[in-house]
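Enquirer: Let me see the structure of the following:
(2 chains)
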Amino acid sequence: MAHGVAAPALAAILLAGAVPASAAAPPAKLEVCLACHGTNGQSQTENVPSLGGLPSQYVLTQLFMFREELRQVEPMTDLTKGWADADLQQSADFIAALPPPKPPKAPADPVRMARARALVEQSHCNVCHRPDFSGEQNVPRLADQREDYLLKALRGYKSGTRHGYEPTMAEALQPVDDAQLVELAYYLSHLR
Amino acid sequence: MNTAWPRPSALLPAAILTAVMALSLSWPAGGQQTPATPPAATGPAAQPAVPAPAPAPSWAQARPQNAAAETLAPQVAPPLPAPVDRLPLAELKVPKNFRLEVYAGGLANARSIRIGDKGTVFVSTRTLDRVYAVVDRNGKREVRVLARGLNSPNGIALHDGTLYIAEINRISKIDNVEERLDNPPKPAVIYSDLPNVAPHGWKFLTVGPDNKLYFNIGAPCNICMPPPTHAQLRRINLDGSGAEVVARGIRQVVGMDFHPVLKQLYFTENQRDWMSENEPQDKLNRVLHPGQDNFGYPYCDGGDIADPIYGWGHSCDEFTKPIAQLGPHSAPLGMRFYTGHMFPREYDGAIFIARHGSWNKTKKIGGDIVVAKLNTDGTVRSVQPFITGFLQNNKYVGRPVDVEVMKDGSMLISDDWNGAVYRLTYGTTRVSSRR
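Expert: Numbering: from 1, shown residues only, chains lettered A, B, ... in the order given. Sure thing, here's the model as predicted:
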């Protein structure tokens, strides 16, 4: 099986830091993706997530779910059709090494931030997603993700239109109402 | 010897159990209940006042505020199945003269196993949407997706050539499934009076000697007062009619089987998280009084500890005791009575149990197959490690989910961490040499 053969080599180059991530050419299959998601890890496209700094296992799981039509989102389902396991793994490793996105230049409203912070702690978001919201393994980085995408994702989990690989998010959001989702998205997209 | 294994003295003595009460399958008429009826009389009438549930995922409910505890979370397997040449065969230890081989790889999230009369091996999934069929074509095994688009179809069972599939919110079937592998129809729904709730919503499914389908509806949380529709075993006729509650007070079940002689239902039960590192014990249970047994959730944990939240005013003596304790947080899942004729006689009628392994414990335990040997009255004589090594240096290299006995007496074992099925054989000579 060809699974994962080239991935370790690529990962090793990226981890060694000898070549800045932006200088390494993305896997060919990924080029079309970065047109929307941004070549430097930061998306400028409405409702399309920034990918920089997402943990490799999270990206791999999402790509797998697109390919297997477990998560049906156009154009992702179509774009990943026919990808080999090695394509998924190489793309995930490349994305994980892109620089994390940056927060908006304008400062955040401290009142909203403080209020949302209490909700974050009450909901234990900062445990799985880590205290700095950098994520790990199958849990995505949330820090400075696009606000519109965060709200879309949270609403998807809450309403059941977005399926997680595990049902954790649907459960976590059971007691959180829509107004609070708006605040969560604001908070996470404005972290410094 | 696995040092994490509890001392034999920690297992409940079989003597505490009452003698076998009912050998026949006739349900006590008074004990019959429809799923909609409230909990059995063994449950207390008034519930203690409890704080509103914390807005946390169900697995994190009741988690202490503690730095060590906060590093623990359910283990999530890599989504891609491991390449066959990287499966951890060399790390898995089997008893003398047993041999483990790869039966099939490339089955992402392989869970429950069933074997058709014509030899097709059906394998379910939980985090995926599909059921696989492994077909042997002149010695070459081919993995096919038999059905997809299903809602966590963990439970599968076979009866008279029909495959039954239990999803979170419905049970369906494919008649004559082995005749239709090339062009399988969409599964036909036979029963859908089920809550569509993801936490502990996945099911184990089996057919009893009474030709009824048995399955679980887990508690929709870690520890909570479950609605009367949850935390139970239920059975239905093969056409979906005649639903009855078989037993209550059950947190979550991912393995059950009927005693081949006594015809009683045995099942593994996973107990609550976040009580302590070493409590409570997960359980092996037996249903002696169908329709009446209550196994204690959420009042009694592990068969011997009153729950810190719901146990006030209760005693574990109110509830049906487990027949063995299987280790704290060890997650016993699939179990089968050994009815084959390949393994040595000491395994005749013993129960093989796959312990998926703990997550809610700093030093993990489980990640093995254990064997429970029984007395003639069906009580447990001993529980011992059988196959170990899925857990290496506190990390999983694989996680066993289900076991199933093949026609030749060999045993299949599924591994949802690697997406593989292994086959265990015994003997240095040909299979049929023993008897």
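Enquirer: list the contacts for whatever residue of the stretch 301-435 of chain B ends up closest to chain A?
Expert: Going by Cβ to the nearest Cβ, chain A is nearest to B:Gly419 of the stretch 301-435 of chain B, at 10.9 Å. Bear in mind the C-beta positions are built from the backbone N, C-alpha and C, glycine included. By Cβ atoms under 8 Å, 6 or more residues apart in numbering or on different chains, the contact list for B:Gly419 reads B:80-82, B:105-110.
Enquirer: okay if I get those as JSON lines plus neighbour count and distance to chain A?
Expert: Listed next are the contacts of B:Gly419 as JSON lines, based on neighbours: other Cβ atoms under 10 Å in any protein chain shown; distance: Cβ to the nearest Cβ, whole Å:
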{"residue": "B:Leu80", "neighbour count": "21", "distance to chain A": "5"}
{"residue": "B:Pro81", "neighbour count": "25", "distance to chain A": "8"}
{"residue": "B:Ala82", "neighbour count": "23", "distance to chain A": "8"}
{"residue": "B:Gly105", "neighbour count": "22", "distance to chain A": "8"}
{"residue": "B:Gly106", "neighbour count": "21", "distance to chain A": "8"}
{"residue": "B:Leu107", "neighbour count": "26", "distance to chain A": "13"}
{"residue": "B:Ala108", "neighbour count": "22", "distance to chain A": "8"}
{"residue": "B:Asn109", "neighbour count": "25", "distance to chain A": "9"}
{"residue": "B:Ala110", "neighbour count": "31", "distance to chain A": "15"}
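Enquirer: how about the residues of chain A near chain B?
Expert: When proximity is defined as Cβ under 8 Å from any Cβ of the partner chain, chain A approaches chain B at A:1, A:3-4, A:57, A:60-61, A:64-65, A:68, A:70, A:85, A:88-89, A:122-124, A:127-128, A:137-138, A:165-172, A:174-176.
Enquirer: Can you list the low-confidence ranges for chain B?
Expert: B:1-56, B:428-435 (pLDDT under 70).
Enquirer: Stretch B:385-400: end-to-end distance?
Expert: Using Cα to Cα, to the nearest Å, the end-to-end distance of stretch B:385-400 comes to 13 Å.
Enquirer: buried ones in that stretch?
Expert: B:385-391, B:396-400 (16 or more other Cβ atoms under 10 Å in any protein chain shown).
Enquirer: likewise stretch B:143-162?
Expert: B:143, B:146-148, B:150, B:152-159, B:162.
Enquirer: and it, how far out from the chain's middle?
Expert: 17 Å (Cα atoms, centre = their mean, to the nearest Å).
Enquirer: could you pull out the helices for chain A?
Expert: Remark: helices assigned in chain A by DSSP state H are A:7-16, A:31-37, A:56-67, A:76-79, A:85-96, A:110-122, A:125-128, A:147-159, A:168-172, A:178-189.
Enquirer: Sketch out the strands for the stretch 301-435 of chain B, chain order is fine.
Expert: B:305-306, B:324-328, B:332-337, B:351-355, B:368-374, B:380-387, B:391-392, B:395-396, B:400-405, B:411-415, B:420-426 (DSSP state E, counting those that start in this stretch).
Enquirer: about what we covered before: just the buried residues of stretch B:143-162: which are in strands?
Expert: Among the buried residues of stretch B:143-162, the residues falling in strands (DSSP state E) are B:143, B:146-147, B:155-159, B:162.
Enquirer: Closest one to chain A out of those residues, please.
Expert: Nearest to chain A among those, with distances taken as Cβ to the nearest Cβ, is B:Val143, at 12.4 Å.
Enquirer: Next up, the contacts around the closest one.
Expert: B:Val143 is in contact with B:104, B:106-107, B:132-134, counting by Cβ under 8 Å, 6+ apart.
Enquirer: continuing past the host helix or strand of B:Phe267, what's the next helix or strand?
Expert: Assigned by DSSP states H and E, B:Phe267 falls within strand B:265-269. Downstream of strand B:265-269, the next assigned helix or strand under DSSP H and E is strand B:281-287.
Enquirer: what's the angle from that next one to strand B:265-269?
Expert: Counting by axes from the mean of the first three to the mean of the last three Cα atoms, to 10 degrees, strand B:281-287 points 160 degrees away from the direction of strand B:265-269.
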